[in-house]
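Peer 1: Build me a structure from this.
(chains A and B)
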Amino acid sequence: MNLLAYLSGEDGRNILSGLLNTCLLWAVGSGLGTIFGFLIAVARRYGPRPLDYLLQAGVEVIRGTPFLVQIYLLYFGGPYLCLSLGEASACLTLDPLEAGILGLSVYGAAYYSELFRAGFDAIPRGHIEAATTVGLNRWQTLTRIILPEMTMLVLPSMVNMTILMLKETAVLSIISVKELKFQVDIIGNRDYAFVESFTILALVYWALVEVCGVLGRAAERRLSRYRFAHS
Amino acid sequence: MSWELFWLLVEASGLTILYSAISIAIGFLLASGICAAMLSAHRGAATAGRLFVSFFRGTPLLIQLLLVYYLLPKIGLNVSSEIAAILALSLCTAAYQAEILRGGFQSVPKGLIEAADMCGLSAFSTFRRIRLPVAVRLTLPALTSEAIMLLKSSSLISVVGVVELTTMAKDLASSTYQPLPIFAAAGLVYLIINLVVAGFGRLAERAAKRGHA
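Peer 2: Numbers count the residues shown, from 1 in each chain, chains lettered A, B, ... in the order given. Below you'll find the predicted structure:
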């Protein structure tokens, strides 16, 4: 099989657009997941008790069910989920890409929120008490003590989770999101080259994951000045 | 959604549990070997172990699954899609379990091993009485999470046509035009299974801790 032939012309363009879509899903899913995950963690820690229980239940449901089933529920079940106000009614009808981004963000938010929650819990109480004693207010304590220390604590698991998010984007090809696996699949099916196409896909994802891991370790080294010794 | 439909999902979940349990067991056996290779002084074996773990943790399970599914017939092994699916799941979970076990064995305090040496325990006795029990105790929570991860990932084998919970949910959803309640019910069944597994994990942790500080 002449691999280079696939990288030019129509096939090459499709593969490139698939790769871009994968990166888009990965970036947007991880980004929104991190933001919402952080908000969930903050709401659970500082919000009222019933909100904590409600969010905990939501997080457990997302973490306890397969991503594929969540995506099926959203993509196939969404159009049946309607909200009607008098005459007007709106249903959750999503195209594959929208369903993919929404599903990935919700899935990510549940996992990221648990990482942040563990990060909050791992900051020694003494540090926060010390900050209060020297006269820092709550906002200063958050931005100067809690966030920097937590960044260092959660970074390794954040990198792991972000790698997991990349791997989950491949699942979205099942609901025909036109990402990398979907595009390469089409070519593999057309040319009856299944093993070749999946081998190449595996190598591409592997390379992306390794790059992500290297970048994560570099970030850890750079941020190591925030590391503190555990008592 | 009727009870008959829900019961069909519960029945299909038996297959999900079966395939997952077989894969976790095979994966554990493979993982023990890979972990031993990674921790061995033999450079080649250590590198091969690390490469295996890196590949199977660095690629999407869906792609591993399809690769195994299409590769086996090509190299002359005409096996059913169930066998191909179990093989792919086993290889994937083996990589994750090997990494967990490696972490566990490396976290066994050096002082314990030195103390065992001082008491004159042989290398085998040290392994059986000190390193293994301590490592098992340290890795049980992570191994339980991995079992739950695999149970959830096993929904992907529906893609190669293996009948299990997700396949059944998808068939029922398209034949009854009720995707919303059926996928929600399938999610509920997965959730219940995972809660039970998590409960067993906690029981096992408590049993392993008994008699230890």
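Peer 1: Quick check: buried residues in the lowest-mean-pLDDT helix or strand in chain B?
Peer 2: Taking mean pLDDT, DSSP states H and E as the measure, helix B:123-126 is the helix or strand of chain B with the lowest mean score, a mean of 84. Going by neighbour count (16 or more other C-beta atoms under 10 Å in any protein chain shown), the buried part of helix B:123-126 is B:Thr126. In this view, the C-beta of every residue, glycine as well, is placed from N, C-alpha and C.
Peer 1: How about residues contacting it?
Peer 2: For helix B:123-126, contacts defined as C-beta atoms under 8 Å, 6 or more residues apart in numbering or on different chains pick out B:113, B:116-117.
Peer 1: nearest to B:Gln178, of those residues?
Peer 2: B:Ile113 (59.0 Å; C-beta to C-beta).
Peer 1: Can you tell me the SS state at the residue nearest in space to the middle of chain A?
Peer 2: By C-alpha atoms, centre = their mean, chain A has its centre lying nearest to A:Ser30, at 3.2 Å. Here A:Ser30 is recorded as helix under DSSP: H, G, I helix; E, B strand; the rest coil.
Peer 1: my read: it touches A:Ile163, true?
Peer 2: No: contact criterion C-beta atoms under 8 Å: A:Ser30 and A:Ile163 do not qualify, at 9.7 Å.
Peer 1: Could you count how many residues lie near B:Gly33?
Peer 2: By other C-beta atoms under 10 Å in any protein chain shown, the residues close to B:Gly33 number 13.
Peer 1: typo on my end, it should be A:Gly216
Peer 2: The number of residues near A:Gly216, taken as other C-beta under 10 Å, comes to 17.
Peer 1: same check, this time on B:Met118
Peer 2: B:Met118 has 8 nearby residues by other C-beta under 10 Å.
Peer 1: tell me the phi and psi of it?
Peer 2: phi -60, psi -40 (degrees, to the nearest 10).
Peer 1: Check A:Cys91 too.
Peer 2: Dihedral pair for A:Cys91: phi -110, psi 160, per degrees, to the nearest 10.
Peer 1: So which residues on chain A come close to chain B?
Peer 2: Within chain A, the residues that sit near chain B (C-beta under 8 Å from any C-beta of the partner chain) are A:60-61, A:64-70, A:72-73, A:76-77, A:80-81, A:163, A:167-171, A:173-174, A:181, A:194-195, A:198-199, A:201-202, A:205-206, A:209-210.
Peer 1: any idea how far the residue nearest to the centre of chain A lies from A:Glu168?
Peer 2: 10 Å (C-beta to C-beta, to the nearest Å).
Peer 1: Also B:Tyr190?
Peer 2: Distance from B:Tyr190 to A:Glu168, by C-beta to C-beta: 16 Å.
Peer 1: Of these two, which one has the most company?
Peer 2: Set B:Tyr190 next to A:Glu168 and count neighbours by other C-beta under 10 Å: B:Tyr190 wins out with 26 against 23.
Peer 1: circling back: just the buried residues of the residues of chain A next to chain B.
Peer 2: With burial judged by 16+ other C-beta under 10 Å, the buried subset of the residues of chain A next to chain B is A:60, A:64-70, A:72-73, A:76-77, A:163, A:167-171, A:173-174, A:181, A:194-195, A:198, A:201-202, A:205-206, A:209.
Peer 1: Now the helix ranked longest in chain B: buried residues?
Peer 2: If you go by DSSP state H, chain B has its longest helix at helix B:3-39. Within helix B:3-39, the residues that count as buried by 16+ other C-beta under 10 Å are B:5-6, B:8-9, B:12-13, B:15-17, B:19-20, B:23-24, B:26-28, B:30-31, B:34-38.
Peer 1: what's the answer for stretch B:175-182, then?
Peer 2: B:178-182.
Peer 1: how about low-confidence regions in chain A?
Peer 2: Applying pLDDT under 70 to chain A picks out residues A:1-3, A:226-231.
Peer 1: Please repeat the previous calculation with a cut-off of 50.
Peer 2: Low-confidence segments of chain A (pLDDT under 50): A:231.
Peer 1: mind listing the helices for it?
Peer 2: A:3-6, A:9-46, A:49-64, A:67-77, A:96-122, A:125-133, A:138-140, A:147-169, A:180-190, A:194-222.
Peer 1: Can you say which of these is packed in most?
Peer 2: Comparing those by mean neighbour count (mean count of other C-beta atoms under 10 Å in any protein chain shown), helix A:67-77 ranks first with a mean of 23.
Peer 1: Check which helices and strands it is in contact with.
Peer 2: On a contact count with 3 or more C-beta pairs under 8 Å, 6 or more residues apart in numbering or on different chains; DSSP states H and E, helix A:67-77 meets helix A:96-122, helix B:165-176, helix B:179-209.
Peer 1: could these be laid out in TSV, adding distance to B:Arg129?
Peer 2: TSV is the format used below for the helices and strands packed on helix A:67-77 (distance: least, C-beta to C-beta, whole Å):
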stretch	distance to B:Arg129
helix A:96-122	33
helix B:165-176	41
helix B:179-209	14
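Peer 1: Show the contacting residues for A:Glu210.
Peer 2: B:54, B:58.
Peer 1: Including pLDDT and distance to A:Asp185, could the buried residues of stretch B:175-182 go into a markdown table?
Peer 2: Formatted as a markdown table, the buried residues of stretch B:175-182 follow (pLDDT from 0 to 100; distance: C-beta to C-beta, whole Å):
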| residue | pLDDT | distance to A:Asp185 |
| --- | --- | --- |
| B:Gln178 | 88 | 29 |
| B:Pro179 | 90 | 24 |
| B:Leu180 | 90 | 28 |
| B:Pro181 | 91 | 31 |
| B:Ile182 | 92 | 26 |
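Peer 1: Contacting chain A as well, which ones from those?
Peer 2: When contact is defined as C-beta under 8 Å from any C-beta, these meet chain A at B:178-180.
Peer 1: quick one: which of the residues you listed is nearest to A:Thr143?
Peer 2: B:Leu180 (43.1 Å).
Peer 1: gap between the closest one and B:Ser13?
Peer 2: 19 Å.
Peer 1: swap in A:Gly33?
Peer 2: Per C-beta to C-beta, A:Gly33 is found 28 Å from B:Ser13.
Peer 1: Among the buried residues of stretch B:175-182, which one sits closest to A:Met150?
Peer 2: B:Leu180 (38.1 Å).
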